[in-house]
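1. Turn this into a model:
(one chain, ligands or ions: 1)
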Amino acid sequence: MASSNASTLSASLKLNRCLYRSSLPCFSNFKTCCWSSGSWYSGHANPRIIWSSSCHLKSTQDVTSFGNSRFVFKCVGRALEPSVSIDSSQNNSASDERVVVLVIGGGGREHALCFALQRSPSCEAVFCAPGNAGISSSGDATCVPDLDVLDSTSVISFCRKQGIGLVVVGPEAPLVSGLANDLVKAGIPTFGPSSEAAALEGSKNFMKNLCDKYGIPTAKYKTFTDPSSAKLYIKEQGAPIVVKADGLAAGKGVIVAMTVEEAYEAVDSMLVEGVFGSAGCKVIIEEYLEGEEASFFALVDGENAIALESAQDHKRVGDGDTGPNTGGMGAYSPAPILTQELQSIVMQSIILPTVKGMAAEGCKFVGVLYAGLMIEKKSGMPKLIEYNVRFGDPECQVLMVRLESDLVQVLLSACRGELSRVTLDWSPGSAMVVVMASNGYPGTYEKGSVIQNLEEAELVAPSVKIFHAGTAFDSDGNFVATGGRVLGVTAKGRNLEEAHERAYQAVEAVNWPGGFYRHDIGWRALPKRQFAKQN
Ligand code: AMP
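-> Residues are numbered from 1 along each chain as shown. This is a model prediction of the structure:
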């Protein structure tokens, strides 16, 4: 078994700090991907929240932009915990606090976050950077397309100017590049982990070592940099077996090899040919787990964690879970596979030991822990496959329409280390999101096709909400598709059947010849007759 002491963890973190930087270009495409109109930012906000002078940024020199100096790794945790400074003249109790929020990102997940934040009683206003055309036109946030979210200095200065009292970071790229570190350092309450804590997603080796050290159930594994040793281990273990690149490899770094030869090929491609660059210069060879996959989400404040409702997505592009993997073609909540009993086992055996372990390593995690699990066939028990350090997309969409608590207060509690006092309220029924994607996705797809009838589609059934992931306006004011996954057509219902019925009614009302969708979202959880009706 690979060694798993603190020095290994810290060494792996150091390496990954460098690996993260290779993921930056993806995020810097946000602007070009998500933005076409120029009139979203109204500049309006009327904050009643102010910063205490102790939190003030003294000068811009105090801010280390992500572009320099964090190569030297040190797990500082959240030592610079912000005091969320409320204007004391108003004698605010938590529920009176009115906060201006900035959401970072511009996809469907961020649209859903804006929607839930905007609805929060304690929300004064929501900004979203860069946002997208749909977020802006729905009124769920004021979009700020020209704020460079990878430039911490600009983001901090925007926050100061607009009196932002909470920043919620959606995607992983700005997290791994250290945006949360800089915002927290500047005294701005930020929901999202530091770059060091984001290693839970950025390095599989780091995650596995943590599991090893803190007794978190996961597949048996060993880490290699030498191809011959890796192959010897594969020969000893036999197939099926799983080969994983250590770092972020755009979702392509995991090979589930059904034969030893396939596993050898994966090792060669990563360690010899270097197809994933530095992300694949270390490989994890892992025991093959057989069972059903499930996702589990928890909010974490550094020391405590609370579970979110269960949700399940569909990764494959085609009906019947066929075709290549995607970012997610639909989701539903709750997910029957995650029984109450199982959820409690996951909290006790996986989430809480992770949170405690990260704190013990001096690397407190604040944000969403999104655990990819395998419910093993042979034992019925959950094992951790992977961690993500942000909300899943599209699971976030179904969770946000079901959340009834004041999200602003919940996330501020996480930033303040006060989640142990929080309980979450959820609508009692179910929710489903059906993703509409551009023809060709996840391969090459066309951009610029016109989407019509969106407003009408939202009205075809009760409780329908369409979240935009990749839309812009054309010169005639039409919505056009600018990305792969473009819309998340979401509906609530008294049960999953009703949510399904409503979501598909709305999908069918959208007039978009350039797009497609899966017809069987929820099939594992729905009665067979309902699934049959769709086909
Ligand atoms: P990951 O990026 O680690 O979540 O892996 C991507 C996908 O590979 C997972 O969603 C699983 O379907 C599959 N996978 C990863 N690890 C294992 C494993 N140890 N056993 C079986 N399948 C796995």
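2. CA atoms for contacts and neighbours, from now on please.
-> OK.
3. Now residue 357. Nearest residue, chain neighbours left out?
-> Closest residue in space to residue 357, ignoring its immediate chain neighbours: residue 214 at 6.3 Å, by Cα to Cα, 6 or more residues apart in numbering.
4. Make sure that neighbour is actually in contact with residue 351.
-> No. When contacts are counted by Cα atoms under 8 Å, residue 214 is not listed as touching residue 351 (11.1 Å).
5. ok now do residue 115, which residues does it touch?
-> 140-141, 400 (Cα atoms under 8 Å, 6 or more residues apart in numbering).
6. can you pick the most crowded of those?
-> residue 141 (28 neighbours; other Cα atoms under 10 Å).
7. how near is that residue to the ligand?
-> Note on residue 141: its distance to the ligand, by Cα to the nearest ligand atom, to the nearest Å, is 32 Å.
8. give me the residue from the stretch 51-200 of the chain nearest the ligand.
-> Nearest residue of the stretch 51-200 of the chain to the ligand: residue 200, at 11.5 Å (Cα to the nearest ligand atom).
9. That residue in helix, strand or coil?
-> Counting by DSSP: H, G, I helix; E, B strand; the rest coil, the backbone at residue 200 sits in helix.
10. pretty sure it contacts residue 388?
-> Yes. With contacts counted by Cα under 8 Å, residue 200 reaches residue 388, the gap being 7.0 Å.
11. what about the two, which has more around it?
-> residue 200 (24 against 18).
12. For residue 290, grab the count of nearby residues.
-> Residue crowding around residue 290 was assessed by other Cα under 10 Å; the count is 12.
13. if I look at it, how far off is the ligand?
-> According to Cα to the nearest ligand atom, residue 290 and the ligand sit 6 Å apart.
14. Retrieve the pLDDT associated with that residue.
-> What the model reports for residue 290 is a pLDDT of 95.
15. For it, give me its contacts.
-> So residue 290 contacts 374, 376-378 (Cα under 8 Å, 6+ apart).
16. now do 7 Å
-> Applying Cα atoms under 7 Å, 6 or more residues apart in numbering, we find residue 290 in contact with 376-377.
17. Backbone torsions only: list them for it.
-> Phi and psi for residue 290, reported as degrees, to the nearest 10, are phi -110, psi 130.
18. Could you find the closest non-adjacent residue to the residue of the stretch 51-200 of the chain closest to the ligand?
-> Among residues not flanking residue 200 along the chain, residue 207 sits closest, at 5.1 Å (Cα to Cα, 6+ apart).
19. same deal with residue 497?
-> Nearest residue to residue 497 in three dimensions, chain neighbours excluded: residue 526, at 6.7 Å (Cα to Cα, 6+ apart).
20. Count residues in the vicinity of the one you found, would you?
-> Counted with other Cα under 10 Å, residue 526 comes out at 16.
21. Surely it is within a strand?
-> No. Using three-state DSSP, the secondary structure at residue 526 is coil, not a strand.
22. Can you tell me how far it is from the ligand?
-> From residue 526 across to the ligand, the span is 21 Å (Cα to the nearest ligand atom).
23. same deal with residue 296?
-> 12 Å.
24. Helix or strand: which one has that residue?
-> Residue 296 is part of strand 291-301 when elements are defined by DSSP states H and E.
25. residues in contact with that strand?
-> By Cα under 7 Å, 6+ apart, strand 291-301 touches 305-308, 310-312, 365-377, 414-415, 417-419.
26. Pull out the buried residues from that strand.
-> Judged by neighbour count (16 or more other Cα atoms under 10 Å), strand 291-301 contains these buried residues: 291, 293-301.
27. Convert that strand to CSV, retaining C-alpha atoms only.
-> The C-alpha coordinates for strand 291-301 follow below in CSV (Å, rounded to 0.1, in the frame of the first residue of the first chain):
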residue,chain,number,x,y,z
GLY,A,291,-21.9,-1.7,-7.7
GLU,A,292,-24.2,1.3,-8.2
GLU,A,293,-22.7,4.8,-8.2
ALA,A,294,-24.3,7.6,-6.2
SER,A,295,-23.4,11.2,-5.4
PHE,A,296,-23.4,12.7,-1.9
PHE,A,297,-23.2,16.4,-1.1
ALA,A,298,-22.3,18.0,2.2
LEU,A,299,-21.8,21.6,3.3
VAL,A,300,-18.6,22.0,5.3
ASP,A,301,-17.4,24.8,7.6
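28. Can you get me a residue count around residue 331?
-> 29.
29. and it, what does it touch?
-> Applying Cα under 7 Å, 6+ apart, the residues near residue 331 are 311-314, 394-395, 398, 432-434, 521-522.
30. among the contacts of strand 291-301, which are in helices?
-> Using DSSP state H, the subset of the contacts of strand 291-301 located in helices is 414-415.
31. Mark which of the contacts of strand 291-301 are buried, thanks.
-> 305-308, 310-312, 365-375, 414-415, 417-419.
32. Local confidence estimate at the closest residue to residue 405 other than its chain neighbours?
-> Closest residue in space to residue 405, ignoring its immediate chain neighbours: residue 425 at 5.3 Å, by Cα to Cα, 6+ apart. Looking at residue 425, its pLDDT reads 98.
33. same deal with the one 3 residues further on?
-> The model reports residue 428 with a pLDDT of 96.
34. Please tell me how far it sits from the ligand.
-> Relative to the ligand, residue 428 is positioned 28 Å away (Cα to the nearest ligand atom).
35. Count the neighbours of that residue for me.
-> Burial of residue 428 is recorded as 14 neighbouring residues (other Cα under 10 Å).
36. how about the nearest residue to it, chain neighbours excluded?
-> residue 494 (7.3 Å).
37. pretty sure that neighbour contacts residue 431?
-> No. Here residue 494 does not reach residue 431: they are 8.7 Å apart, not a contact under Cα atoms under 7 Å.
38. Give the intersection of the neighbour lists for these two.
-> Counting by Cα under 7 Å, 6+ apart, nothing touches both residue 494 and residue 431.
39. Which one of those two is surrounded by more residues?
-> Neighbour count, other Cα under 10 Å: between residue 494 and residue 431, residue 431 has more, with 33 against 12.
40. part of a helix, is the more buried one?
-> No. Counting by three-state DSSP, residue 431 is not found in a helix; it is strand.
41. how many neighbours does the residue nearest to it when sequence neighbours are not counted have?
-> Nearest residue to residue 431, sequence neighbours excluded (Cα to Cα, 6+ apart): residue 492, at 4.2 Å. Neighbourhood size, residue 492 [other Cα under 10 Å]: 30.
42. List the strands paired with the host helix or strand of residue 492, with their directions.
-> For residue 492, the element it lies in under DSSP H and E is strand 485-493. Applying DSSP bridges to the sheet, strand 485-493 is found paired with strand 430-438 (antiparallel), strand 464-468 (antiparallel).
43. tell me the mean pLDDT for the last one?
-> Computed over strand 464-468, the mean pLDDT rounds to 98.
44. can you check stretch 513-531 too?
-> pLDDT averaged over stretch 513-531 gives 87.
45. That stretch: which residues count as buried?
-> Going by 16+ other Cα under 10 Å, stretch 513-531 has these buried residues: 514-523, 525-526, 531.
46. among those residues, which are in strands?
-> Among these, the members falling in strands (DSSP state E) are 515-517.
47. Turn those residues into JSON lines, columns for distance to the ligand.
-> Below are those laid out as JSON lines (distance: Cα to the nearest ligand atom, whole Å):
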{"residue": "515", "distance to the ligand": "25"}
{"residue": "516", "distance to the ligand": "23"}
{"residue": "517", "distance to the ligand": "21"}
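48. Can you add distance to residue 111 and give the buried residues of stretch 513-531 back as TSV?
-> As requested, these are exported to TSV (distance: Cα to Cα, whole Å):
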residue	distance to residue 111
514	22
515	20
516	20
517	19
518	21
519	23
520	24
521	21
522	22
523	26
525	26
526	27
531	28
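49. Farthest pair within those?
-> Between any two of the buried residues of stretch 513-531, the greatest separation by Cα to Cα is 29.2 Å, found for 514 and 525.
50. give me every residue that touches residue 319.
-> Neighbours of residue 319 in contact, by Cα under 7 Å, 6+ apart: 518-520.
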